[in-house]
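# Build me a model:
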Amino acid sequence: MNVQIRQIKGDIVELVFNPKEEDLRVGETLSLREKSGDRGLIVQVIEFSTVTYPSLLLEMLQLVTGDPRIQMLNLADLYQPGLPETGNLKLAIAKIRKVVTWSN
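Presented below is the predicted three-dimensional model:
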């Protein structure tokens, strides 16, 4: 699953995802785990948002692709072949239900 955490504020998590790749629904519960750790979160999707701010689009593209060079692009560059479609990225707002530690 390619869902990235954009930010955590209090008990709310903003998740970046591409709805063509992930089928998230309101009420769905997700387990999010650190890449190189044993800690994680259990979250529940409570709403969705669309992305309209250009700077947020760039940030989300960088999160999803993992490509730091995207910071140097301008808006015209966002529509080049080979880059993910910016119109497809969405934000899921989720509520933290539990902080967990997984054992190996």
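# Could you pull out the helices in the chain for me?
Assigned by DSSP state H, the chain shows helices spanning 54-65.
# Where does the prediction get shaky in it?
Along the chain, the model assigns pLDDT under 70 to residues 1, 51-58, 68-88, 104.
# Give me the most central residue, it.
Val16 (1.9 Å; C-alpha atoms, centre = their mean).
# List the residues that contact that one.
Val3, Gln4, Ile5, Arg6, Met60, Leu63, Val64, Leu89, Lys90, Leu91 (C-beta atoms under 8 Å, 6 or more residues apart in numbering). Placement of C-beta: from N, CA and C, glycine included.
# Quick one: neighbours of the second one, just the number.
Gln4 is surrounded by 16 other residues when neighbours are defined as other C-beta atoms under 10 Å.
# Bridged to it, which residues?
Val16 (DSSP bridges).
# contacting residues for it?
Taking C-beta under 8 Å, 6+ apart as the test, what Gln4 contacts is Leu15, Val16, Phe17, Leu63, Val64.
# try it again with 7 Å
For Gln4, the contact set (C-beta atoms under 7 Å, 6 or more residues apart in numbering) comprises Leu15, Val16, Leu63, Val64.
# Which of those residues lies at the shortest distance from Ser31?
For those, the minimum distance to Ser31 (C-beta to C-beta) is 12.4 Å, reached by Leu15.
# Could you check how far that closest one is from Ser103?
25 Å (C-beta to C-beta, to the nearest Å).
# So these two - more neighbours on which side?
Leu15 (22 against 4).
# Narrow the contacts of Val16 to those that are buried.
Neighbour counting by 16 or more other C-beta atoms under 10 Å classes Val3, Gln4, Arg6, Met60, Leu63, Val64, Leu89, Lys90, Leu91 among the contacts of Val16 as buried.
# now these as CSV including distance to Gln44?
Output for the buried ones among the contacts of Val16, formatted as CSV (distance: C-beta to C-beta, whole Å):
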residue, distance to Gln44
Val3, 13
Gln4, 17
Arg6, 17
Met60, 21
Leu63, 21
Val64, 22
Leu89, 21
Lys90, 17
Leu91, 15
